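Novice: Let's see this in three dimensions:
(2 chains)
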Amino acid sequence: MRGATAKFSSYHLAVALRREPDPAAALRLFLSPTAATVASSPSSAPPFRYSLRCYDIIVCKLAAARLFPAMESVLAQIPASLRPREPLLCRVISAYGRARLPAAARRAFAHPAFPAPRTARALNTLLHALLACRTPLPDILSECRGSGIPPDACTYNILMRAAVAEPGSVENACLLFDEMRQRGIAPTVVTFGTLVAAFCEAGRLEDAFKVKEVMSLQYNIRPNAHVYASLMKALCEKGKVDDAHRLKEEMVRNSEPLVDSGAYATLARALFRVGRKGEVVGLLEEMKGRGITVGREVYNAMIAGFCENEGDMDAAFAALDDMQKGGCKPDAVSYNTLVGGLCKMGRWRDASELVEDMPRRGCPPDVVTYRRLFDGVCDAGAFDEATKVFDEMVFQGFAPSKDGVRKFVGWIEREGDAALLESMLCQLASVNALEASEWEKAISSVLHDPAEQNIVKLLDNSRLA
DNA sequence: GTAGGGTTAG
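Specialist: Sure, this is the predicted structure:
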């Protein structure tokens, strides 16, 4: 019976943790579960053992919320006997990747809470995290080779993606493709999708189409929606909207039964750009007729079209409504586009209100949201508001755009507010966004100020970080 | 949430 109670408690904690949307509240629950789960019980916690499930849930929640110190302390508490598994480790690694903390991602890969050995899956997660942190290809390669873990197709796909991310080197991606084949690792549809995207991005459309041919003729792998989407986007960028339209027809004829709406989004966006928005309605009807769900990207493409090409914010918000009515939850891209559109129209107060409302709408602002709002508010010369936005974004761990910083610094200098300048530089350093040029300005303008010594101290701190 | 594209920016 005692055993049953223990299981019962741990099970209910897991349910409660899963249900709690606020990560900080989830952590409190995790630390003193009885206070919330068993209202009638005495305050002292019954010593039931946490299941691995409970650790899984709380670690994932803390990772997603970037509450890393708390996450690490929970990880350190997991009893070795529970043997936490690699998927959880992967969540931790990729959370550090998303937070752009490469050193932390590397440390996590070797985290003592997770029993050795590591498989390619953990290695691939680490490589992908390093890629997200814009680690140079040679460093990613040496991480890979040094691990001693045999690479698989996924590893090579990530390495190829990293190669393409370097200043225009499709060649390195091709070399990796050759190496992959020499090692007897079969390329997948993802490999070819990566190559096609790489050639498209380099503007080498003929080569991209050649890859499409090779994959089907020599490897007997049919191009999927990803491949078509890349090609269609590249065609649209060259102004060949009608060719893209024809390619879409081929996709619908030849591709897997599951065609998603991504390629349609490209087309819709392109039609707005060339002033043919009237054709978008037909596109939507075509999708419905073919049983293709109108996805988030299509709505986002329309929102962007109304904001940027039409300057019609009412239509943009109407598209947002349609999106929600269509059972599609707006994401950060939807809101960021609207925030940008409002700012462009000089309506930064509305933009600011929308941003404040985002958490309530289930979509917390991201780095792009804050950058667009900050830039917009600075452009409008509303520097008191800019100070607020700046504080908030830095508090959330996001760095402003260089452009915004330049305008903001210019204003502070005109005001001659050395103290504000110092605190701003300090905050920039805290999000690793301090550039040499800012230092020079700061030092020249604050040199005769008593705060000078603090600046020097600041410099040392930032070198440490 | 191990990998590729499509919708925002840079």
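
Novice: since we're on residue A:218, how many residues are nearby?
Specialist: 8 (other C-beta atoms under 10 Å). Where C-beta positions appear, they are placed from N, C-alpha and C, glycine not excepted.

Novice: so how far is DNA strand B from it?
Specialist: Per C-beta to the nearest atom of the strand, to the nearest Å, residue A:218 is found 17 Å from DNA strand B.

Novice: and that residue, what are its phi and psi?
Specialist: Phi and psi for residue A:218, reported as degrees, to the nearest 10, are phi -90, psi -30.

Novice: Equivalent analysis for residue A:362, please.
Specialist: Here is the backbone geometry of residue A:362 (degrees, to the nearest 10): phi 80, psi 20.

Novice: Now do the contacts for it.
Specialist: Counting by C-beta atoms under 8 Å, 6 or more residues apart in numbering, residue A:362 makes contact with residue A:329.

Novice: Quick check: it vs DNA strand B, distance?
Specialist: Distance of residue A:362 to DNA strand B, computed by C-beta to the nearest atom of the strand: 14 Å.

Novice: For the residue of chain A found nearest DNA strand B, which residues are in contact?
Specialist: The nearest approach of chain A to DNA strand B comes at residue A:262, 2.3 Å away (C-beta to the nearest atom of the strand). Neighbour list for residue A:262: A:225, A:226, A:229, A:295, A:297 [criterion: C-beta under 8 Å, 6+ apart].

Novice: excluding its backbone neighbours, what's nearest it?
Specialist: Nearest in space to residue A:262, with sequence neighbours left out and distances taken as C-beta to C-beta, 6 or more residues apart in numbering, is residue A:229 at 4.7 Å.

Novice: Would you mind measuring from that neighbour to residue A:115?
Specialist: To residue A:115, residue A:229 is 41 Å away according to C-beta to C-beta, to the nearest Å.

Novice: Comparing the two, which shows the higher neighbour count?
Specialist: residue A:229 (26 against 12).

Novice: tell me which element the more buried one falls in.
Specialist: Residue A:229 belongs to helix A:225-237 when assigned by DSSP states H and E.

Novice: Does that helix reach DNA strand B?
Specialist: Yes - on the criterion C-beta under 7 Å from any atom of the strand, helix A:225-237 is in touch with DNA strand B at A:225, A:226, A:227, A:229, A:230, A:233.

Novice: next SSE after that helix?
Specialist: For helix A:225-237, the succeeding helix or strand toward the C-terminus, using DSSP H and E, is helix A:241-254.

Novice: interface residues of the stretch 201-350 of chain A facing DNA strand B?
Specialist: A:224-227, A:229-230, A:233, A:260-263, A:265-266, A:269, A:295-297, A:300-301, A:304, A:308, A:331-334, A:336-337, A:340.

Novice: cutoff 6 Å now
Specialist: Counting by C-beta under 6 Å from any atom of the strand, the residues of the stretch 201-350 of chain A close to DNA strand B are A:224-226, A:229-230, A:233, A:260-263, A:265-266, A:269, A:295-297, A:300-301, A:304, A:308, A:333, A:336-337, A:340.
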